[in-house]
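just the structure for this:
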Amino acid sequence: MVEGLSYDQLLEAHQALGEEHALQGMQVEELSRMNASLQRTQDEQALTLLYLKGQLEELRRKLYGRTSERLAGSTDASGILSLFPEEESVATAPLPIVTKVEAHARAVRKAKDTPGRLDVADSVERRVHVIEPEGLVPDRWIRIGETTSEQLHFVPASCYVEVTVRPKYKDPTTGRIHQAPAPEGSFARHSVDVSVAAHVVVQKIVDHLPLYRSAKIFARQGVNLPESTLGDIYTAAANLLMPLYEAHRHEVLKGGYLNVDETVIQVLDSDRKGATHQGYYWVCYNNPSRSVLFVYDRSRGRAAPQQLLAG
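Sure, this is the predicted structure:
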């Protein structure tokens with residue numbers, strides 16, 4: 001027996017020490033579990049941070065990288081290429097933060113009271129109309145400036161008939177007849193001038209206006225030019241332009257690099273009224289000179305381009 005303490009007291013003290021030791025053991029175990037939980041949380045946060053860095057780097061590459069870099073695959077948190085980047089991004093990407101922004105009223109621009117300036121070429125005729133103030137005293141008043149405004153006018157196209165008179169003269173002494181020769185020109189033997197032919201060609205080719213509509217336009221001006229007559233005028237103009245077409249054809253086909261393709265068109269059949277047949281426009285594009293050639297053929301077989309490229 002320890003001096004001053006009884007056996008019962010020593011037994012009680014021993015039990016108290018045992019309980020305190022057990023309590024300390026439980027505290028150590030709880031701290032160990034907390035430490036392990038904190039370590040797991042820290043590891044998860046490190047992986048999340050690494051994943052977010054990878055996502056940010058991929059976003060930068062897509063926004064600012066070169067084309068080859070933008071096509072690169074996505075990587076996961078370990079840096080390995082992902083086979084399903086979209087699914088992973090849906091599964092692991094954090095939800096976006098939605099912020100409500102109050103709408104604001106846009107400023108309404110006041111419409112101009114006066115229209116803008118005319119966009120008219122300098123080659124267009126200008127007819128100046130000067131309006132003087134009432135009671136003008138030219139000897140006393142000094143002109144210090146002016147106000148100018150422009151307004152577009154339109155003069156409808158008009159036709160006129162040029163009458164060529166070639167008088168005949170007879171010399172009574174010799175009996176000979178004298179008369180000036182007939183004018184020469186591309187359309188000297190036609191009932192229309194070359195200006196009418198040029199107008200018909202421009203309307204059909206540039207403005208895509210059918211000949212029957214051109215006939216109606218001439219009819220409104222009191223000129224009867226049937227569609228068949230306009231077709232003859234158009235054909236005559238095309239025959240005159242044939243040397244220019246052949247020169248253009250040679251210029252396009254002599255290029256070392258050509259793009260050739262065909263497109264389908266419906267062509268009126270000359271044998272049957274109102275009937276059409278399927279034709280093909282073979283289009284040749286000279287890439288270096290950026291020039292285009294259209295060649296018509298009734299077939300899309302290989303014989304058509306072979307004959308075309310043969311010159």
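
could you pull out the strands for the stretch 101-250 of the chain?
All strands of the stretch 101-250 of the chain, identified by DSSP state E, counting those that start in this stretch, fall at 168-170, 177-179.

just send those strands back as TSV, with mean neighbour count and distance to E227 too.
(Each C-beta comes from the backbone N, C-alpha and C, glycine too.) TSV is the format used below for these (neighbours: other Cβ atoms under 10 Å; distance: least, Cβ to Cβ, whole Å):
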stretch	mean neighbour count	distance to E227
strand 168-170	9	38
strand 177-179	10	36
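
residue boundaries of the helices in this structure?
7-64, 67-70, 85-92, 194-205, 211-220, 227-240, 242-253, 303-309 (DSSP state H).

the ones you listed: which one's closest to G135?
Closest of those to G135 is helix 211-220, at 46.7 Å (criterion: Cβ to Cβ).

what's the closest one packed up against?
Here helix 211-220 touches helix 194-205, helix 227-240, going by 3 or more Cβ pairs under 8 Å, 6 or more residues apart in numbering; DSSP states H and E.

send over that helix as CSV, restricted to the C-alpha atoms.
Taking Å, rounded to 0.1, in the frame of the first residue of the first chain, the C-alpha atoms of helix 211-220 are listed here in CSV:
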residue,chain,number,x,y,z
LEU,A,211,-37.3,39.7,-126.6
TYR,A,212,-41.1,39.8,-126.3
ARG,A,213,-40.8,42.3,-123.5
SER,A,214,-38.4,44.4,-125.5
ALA,A,215,-41.1,44.3,-128.3
LYS,A,216,-43.7,45.6,-125.9
ILE,A,217,-41.4,48.4,-124.7
PHE,A,218,-40.9,49.5,-128.3
ALA,A,219,-44.6,49.2,-128.9
ARG,A,220,-45.3,51.7,-126.1
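
in it, what's buried?
Neighbour-count burial for helix 211-220 flags L211, S214, A215, F218 (criterion: 16 or more other Cβ atoms under 10 Å).

save these as JSON lines, and put in pLDDT and distance to A275 too.
Conversion of those to JSON lines gives the following (pLDDT from 0 to 100; distance: Cβ to Cβ, whole Å):
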{"residue": "L211", "pLDDT": "94", "distance to A275": "18"}
{"residue": "S214", "pLDDT": "95", "distance to A275": "23"}
{"residue": "A215", "pLDDT": "96", "distance to A275": "22"}
{"residue": "F218", "pLDDT": "94", "distance to A275": "27"}
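
out of those residues, flag the one nearest to A247.
Distances from A247 to the buried residues of helix 211-220, taken by Cβ to Cβ, are shortest for L211, at 26.7 Å.

the closest one and K204 touch, don't they?
Yes: contact criterion Cβ atoms under 8 Å: L211 and K204 qualify, at 6.6 Å.

shared neighbours, the two?
Shared contacts of L211 and K204, defined by Cβ atoms under 8 Å, 6 or more residues apart in numbering, comprise Y234.

what ranges of the stretch 101-250 of the chain fall below the confidence cut-off?
The stretch 101-250 of the chain contains residues with pLDDT under 70 at 101-116.

rewinding a little: and of the strands of the stretch 101-250 of the chain, who's closest to Q9?
Set against Q9 and scored by Cβ to Cβ, the strands of the stretch 101-250 of the chain come closest in strand 177-179, at 164.7 Å.

what comes into contact with the closest one?
By Cβ under 8 Å, 6+ apart, strand 177-179 touches R166, P167, K168, Y169, K170, D171.

quick one: strands adjacent to that strand?
Strand 177-179 pairs in its sheet with strand 168-170 (antiparallel), by DSSP bridges.

for I205, see how far away the closest residue in space to V196 that isn't next to it in sequence is.
Nearest non-adjacent residue to V196, counting by Cβ to Cβ, 6 or more residues apart in numbering: I233, 6.8 Å away. Per Cβ to Cβ, to the nearest Å, I233 is found 13 Å from I205.

including distance to D119, could the helices of the chain go into JSON lines?
Listed next are the helices of the chain as JSON lines, based on distance: least, Cβ to Cβ, whole Å:
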{"stretch": "helix 7-64", "distance to D119": "40"}
{"stretch": "helix 67-70", "distance to D119": "40"}
{"stretch": "helix 85-92", "distance to D119": "50"}
{"stretch": "helix 194-205", "distance to D119": "22"}
{"stretch": "helix 211-220", "distance to D119": "26"}
{"stretch": "helix 227-240", "distance to D119": "32"}
{"stretch": "helix 242-253", "distance to D119": "32"}
{"stretch": "helix 303-309", "distance to D119": "42"}
